[in-house]
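**Student:** Next input, structure requested:
(chains A, B, C and D)
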There are 2 protein chains.
Amino acid sequence: MPDSASRKQVTIYDIADRAGTSASTVGAVLNGSWRTRRISENRANTIRKIANEMGYAPNMQARALRSVRSRMIGMIIPMYDNRYFGAIAERFELEARARGLLPMTSCTRREPELELATVRQMLSYNVDRIVCAGASDPDGIARICQAQDVPTINLDLPGTAAPSIISNNYTGAYKLTAALIARADADNRDWHEDFLFVGGRPTDHYTSERIRGFRDAIADAGAVPVEDNILACGYAAAKSKAAFSAKIESTGRMPTAVFVNSTISLEGVFEWLAQYDRAALDTILFGSFDWDPFAQYMAQNLFSVRQDVSAMLDAMFQVIDSDPPHDPKLIQIEPIVISDGAEWHAETASVMKSEAHA
Amino acid sequence: MPDSASRKQVTIYDIADRAGTSASTVGAVLNGSWRTRRISENRANTIRKIANEMGYAPNMQARALRSVRSRMIGMIIPMYDNRYFGAIAERFELEARARGLLPMTSCTRREPELELATVRQMLSYNVDRIVCAGASDPDGIARICQAQDVPTINLDLPGTAAPSIISNNYTGAYKLTAALIARADADNRDWHEDFLFVGGRPTDHYTSERIRGFRDAIADAGAVPVEDNILACGYAAAKSKAAFSAKIESTGRMPTAVFVNSTISLEGVFEWLAQYDRAALDTILFGSFDWDPFAQYMAQNLFSVRQDVSAMLDAMFQVIDSDPPHDPKLIQIEPIVISDGAEWHAETASVMKSEAHA
DNA sequence: CTTTGTTGCGCAATCGATGGTGCAAGGCTA
DNA sequence: TAGCCTTGCACCATCGATTGCGCAACAAAG
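**Tutor:** Predicted coordinates for the structure are as follows:
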């Protein structure tokens, strides 16, 4: 029916013509406000029928222009290259769509400039809300968005200017460390001098919390954390590989246990071992903060922290759905420690001294 | 400056007020059409200065409403849970942004219904173009989009109604199979009866092409492909695990080599081996169609096909940028075989009989 | 001093949906 | 039968950017 050049989309005006009514009536019927506008049941039915026949779909640009709300929700996320962020993106899209929102996710590679540019671009399109997952500067983004009355919410990394939903990195690291210690003790292996922490930046929230959990778990096991064993060398595989390599060279022996701070850093450690000491893959106790299916099968003794993406996103959408809006507050979700594909339960959890924020 | 409720965004009217000119002049200056509208250099400069001061950003909804083009480009993709699609999404966003387009990627979980619904939703927002990556029914989608004059382009899976950029699955599978055979021969191991193909659906394009490459490589090596060894059991890890398990039980021995059709299927195979025969991880020759960093370190002898995402997306954007638009045509990009982290070169490549499409 | 051109810019319609307001027709009461 | 209320709908301004058209001012030409 629509001739190629002239008419691209069916509009309420087209429907109004066919139905012999006005566009405002059609609009009211099709957007659901017809009851309050006192359109008769009959007319509503005819209009809906015609709209169906003609294949009407609202022009969201026009709707957004007029009503200010666009029904789009944006999300920035560092990258898609690990299971954690992949799962976040997937779940986010699912939940957004379930609410009739158009999800717009964009990966910003942990580059602060790109994060800001992307947020500004999203604001240009009048997104109703922005989720900042693992953003470098969530408060800066929140400020820009607040200027345009667009609420934000932080995921994975906390901010002070908007509600934040994050994993409890402290307890996750504590439990992971405790699990490695329990296994080492069970195997009668001495870990006191040979327990490494590899990867991450000491300045970021994740890493500082995880190091705190690592230290506390060691201390609670009656040992003294060896500061030289904490190699917060950055995340990149190449960096963790280099740091691990240097450490091995300087001590001249393999560690008993290694806490690796991110799967990307774990890649580096595994690459080194696959290259220079394959056998060690079966003897070293690995702890990985973040889970990956292959990593899980790779080493004999790998414990992983799997962040509870479901729970995090449920909590986030609960905040989003809430009315009136939440104050900025921090919600921490407990991650899960996994060993051999199953959840690991800390018998030692009770000895944890301080779960509170530092 | 803007009081919270009244003014959310700076508009061309605000700027016009301040500059003492008309909105159309401001609009022309800020969208670049001012030269053809004969606005003086001076005025253009003042307007730009004021726009900067006031932090102007165009309302894309309004622009799209008027000019029909939205400067958004959509992409549907099956999932984010492997490196291949993750890399595609990341690269797509990068290139789109470089062209001033807002990328909108959405994962549709290989569900045809969800794919169509998502496409329709994107059309509602007037996206300028849609990329169908790994879509179940690219031609169906193309038809819907053509009705609204929105061009589509297929990635990863071909269609007939729009240009398609895909990996050469046939040569990839051929080379991967040849690499495994070469290794087995070098090790003096008999593979003739013990070469499995695991994973995928025999009806989909990927799988049928890869099976064809698998068969041809075996035939070209002078053997007869064993049909019972082709376990196209679906992709899911649980399915490949079950199929692999059943095969082992029925033959009572480990295969010499396994061609695994997707990393997700590889997960299932590795899971079974990690559970029941860890030692076999170091003896079986694995071929994985798709690359994963951990899988790469996992087994002693793993060859992977890494699809050339860079080349694919370059080719795709070349088609997108081209004017006049391309006819539907198929562009095949050669994937890369990787062994021990480095590209593997087929000495045997020359014996490949038919690289042509079946 | 009139005609013809050029430069520089403003006016107003337009895209499609929304929602305030107005108004006719019919029913009901006084 | 006038007055009033309810029902049912249409009219029109509006959101912000784009664009065809027109017109004033000034210069150059005749």
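
**Student:** Next up, the contacts around the residue nearest the centre of chain A.
**Tutor:** Nearest residue to the geometric centre of chain A (CA atoms, centre = their mean): A:Ile88, 4.5 Å. Contact analysis of A:Ile88 by CB atoms under 8 Å, 6 or more residues apart in numbering or on different chains lists A:Ile77, A:Ala133, A:Leu155, A:Asp156, A:Val309, A:Met312, A:Leu313. For every residue, glycine as well, the C-beta is placed using N, CA and C.

**Student:** Let me know the closest of the residues you listed to A:Asn45.
**Tutor:** The closest of those to A:Asn45 turns out to be A:Leu313 (CB to CB; 38.7 Å).

**Student:** Distance check, that closest one against A:Thr152.
**Tutor:** A:Leu313 is 16 Å from A:Thr152, where distance means CB to CB, to the nearest Å.

**Student:** Give the residue from those two that has the larger number of neighbours.
**Tutor:** A:Thr152 (26 against 23; other CB atoms under 10 Å in any protein chain shown).

**Student:** In contact with that one, which residues?
**Tutor:** A:Arg129, A:Ile130, A:Val131, A:Cys132, A:Pro138, A:Ile141, A:Ala142, A:Cys145, A:Gln146, A:Ala161, A:Ala162.

**Student:** neighbours around A:Val305, how many?
**Tutor:** A:Val305: 28 neighbours (other CB under 10 Å).

**Student:** Need the three-state assignment for it.
**Tutor:** Under DSSP: H, G, I helix; E, B strand; the rest coil, A:Val305 falls in the strand class.

**Student:** Next: the one 10 residues further on.
**Tutor:** Classification of A:Ala315 using three-state DSSP returns helix.

**Student:** Please work out how many residues are found near it.
**Tutor:** Counted with other CB under 10 Å, residues neighbouring A:Ala315 total 18.

**Student:** returning to what we had before: from the contacts of A:Ile88, which land in strands?
**Tutor:** Applying DSSP state E to the contacts of A:Ile88, the entries found in strands are A:Ile77, A:Ala133, A:Leu155.

**Student:** isn't the second one right up against A:Gly74?
**Tutor:** No - applying CB atoms under 8 Å as the test, A:Ala133 and A:Gly74 come out as separate, 10.7 Å apart.

**Student:** ok, which residues in chain A are in contact with DNA strand C?
**Tutor:** A:8-9, A:11-13, A:23-24, A:27-28, A:30-31, A:33, A:37, A:56, A:58-59, A:62-63, A:65-67 (CB under 7 Å from any atom of the strand).

**Student:** List buried members of these by neighbour count.
**Tutor:** The neighbour-count criterion (16 or more other CB atoms under 10 Å in any protein chain shown) marks A:8-9, A:11-12, A:27-28, A:30, A:56, A:58-59, A:62-63, A:65 among the residues of chain A next to DNA strand C as buried.

**Student:** Out of those, list just those in helices.
**Tutor:** Judged by DSSP state H, the subset of these located in helices is A:Ile12, A:Gly27, A:Ala28, A:Leu30, A:Ala62, A:Arg63, A:Leu65.

**Student:** which of these lies closest to chain B?
**Tutor:** A:Leu65 (4.4 Å; CB to the nearest CB).

**Student:** Can you give me the distance of that closest one to B:Asp194?
**Tutor:** 65 Å.

**Student:** before we move on, back to that, so which of the residues of chain A next to DNA strand C reach chain B?
**Tutor:** A:Lys8, A:Gln9, A:Pro58, A:Asn59, A:Ala62, A:Leu65 (CB under 8 Å from any CB of the partner chain).

**Student:** Following the chain onward from the biggest helix by length in chain A, which element is next?
**Tutor:** Of all segments of type helix in chain A, defined using DSSP H, the longest is helix A:169-186. Next helix or strand after helix A:169-186 toward the C-terminus (DSSP states H and E): strand A:195-198.

**Student:** Next, find the distance separating the closest residue to DNA strand D within the stretch 201-350 of chain A from DNA strand C.
**Tutor:** Nearest residue of the stretch 201-350 of chain A to DNA strand D (CB to the nearest atom of the strand) works out as A:Pro325 at 22.5 Å. Remark: distance between A:Pro325 and DNA strand C (CB to the nearest atom of the strand, to the nearest Å) = 20 Å.

**Student:** Same check on A:Gln146?
**Tutor:** 23 Å.

**Student:** Enumerate every residue touching that residue.
**Tutor:** Contacts of A:Gln146 by CB under 8 Å, 6+ apart are A:Thr152, A:Ala161.

**Student:** and the strand or helix carrying it, average pLDDT?
**Tutor:** Take DSSP H and E as the rule and A:Gln146 turns out to sit in helix A:138-147. The average pLDDT within helix A:138-147 is 94.

**Student:** Next, count neighbours for the nearest residue to A:Lys241 once chain neighbours are set aside.
**Tutor:** Nearest non-adjacent residue to A:Lys241, counting by CB to CB, 6 or more residues apart in numbering or on different chains: A:Gly268, 3.5 Å away. Neighbour count for A:Gly268, taken as other CB under 10 Å: 27.

**Student:** And for A:Ala280?
**Tutor:** Neighbour tally, A:Ala280, other CB under 10 Å: 15.

**Student:** Quick one: the helices in the stretch 251-358 of chain A, in order.
**Tutor:** A:263-276, A:293-298, A:309-321 (DSSP state H, counting those that start in this stretch).

**Student:** My guess is A:Gly86 contacts A:Pro78. True?
**Tutor:** No - applying CB under 8 Å, one finds A:Gly86 not in contact with A:Pro78, separated by 11.4 Å.

**Student:** Please identify which of the two sits among more neighbours.
**Tutor:** A:Gly86 (23 against 20).

**Student:** what separates the more buried one from A:Arg212, distance-wise?
**Tutor:** Distance from A:Gly86 to A:Arg212, by CB to CB: 27 Å.

**Student:** Residues of the stretch 1-150 of chain A that sit close to DNA strand D?
**Tutor:** Contact residues (CB under 7 Å from any atom of the strand) of the stretch 1-150 of chain A with DNA strand D: A:20-25, A:37-40, A:42-43, A:62, A:65-66.

**Student:** Tell me which two of the residues you listed sit farthest apart.
**Tutor:** A:Asn42 and A:Leu65, at 31.3 Å, using CB to CB across those.

**Student:** if I pick A:Gly234, what's in contact with it?
**Tutor:** A:Gly199, A:Gly200, A:Arg201, A:Ser240.
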